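[1] Sequence and predicted structure, then a few things I'm wondering about:
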Amino acid sequence: MAAGALSRPDGRWLMHRRPHGKHHGGLWEFPGGKVEPGETPAIALSRELEEELGIRIAPSHFEAASFAETDAGENRAGLVILLYTATRWDGEPRPLQAGAAVDWFEKDAIIDLDLPPLDRMLCRRLFERYPPHANS
């Protein structure tokens, strides 16, 4: 999996709320998705952001930031999410899935959102690099 932490010059970060009825429905996350066979994570993220948010980001504009992972459990595979940052893109992010939402948050507000466990881990790791109020 690949996810994007998009930031604006005002120090706010984009978060995506998953539609209800989906896994982790109603929770906020860094937007992104699965890496398909033959794709690099950056190419997959570029594709996913266009499909989910209607924006275009060249894979070369992503900067690797962190990762989070779960262990494999009984009847389930482990999961790894690679997190990339981006500060420029074409288009205005908007939710293209029914029931989804997007919004821009200050770093310290993201920590208080309802997040899936791996996204909470990604937030902690990302904001160690970009502490709250560093750009504010």
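    Received the coordinates, thanks.
[2] And for Trp28, the neighbour number?
    Look at Trp28: counted by other CB atoms under 10 Å, it has 20 neighbours. (Each C-beta comes from the backbone N, C-alpha and C, glycine too.)
[3] do the same with Ala44
    Number of residues near Ala44 (other CB under 10 Å) recorded here: 20.
[4] name the helices or strands packed onto the helix or strand that it is a member of?
    For Ala44, the host element (DSSP states H and E) is helix 41-53. Applying 3 or more CB pairs under 8 Å, 6 or more residues apart in numbering; DSSP states H and E, one finds that helix 41-53 contacts strand 2-6, strand 32-33, strand 79-86.
[5] if you average pLDDT over the helix or strand just after that helix, what comes out?
    Once the chain leaves helix 41-53, the next helix or strand it forms, by DSSP H and E, is strand 63-70. Per-residue pLDDT over strand 63-70 has a mean of 91.
[6] related to what we said a few turns ago, any chance of the helices and strands packed on helix 41-53 in TSV, plus mean pLDDT and distance to Ser60?
    Shown next, in TSV, are these (pLDDT from 0 to 100; distance: least, CB to CB, whole Å):
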stretch	mean pLDDT	distance to Ser60
strand 2-6	97	14
strand 32-33	94	17
strand 79-86	94	10
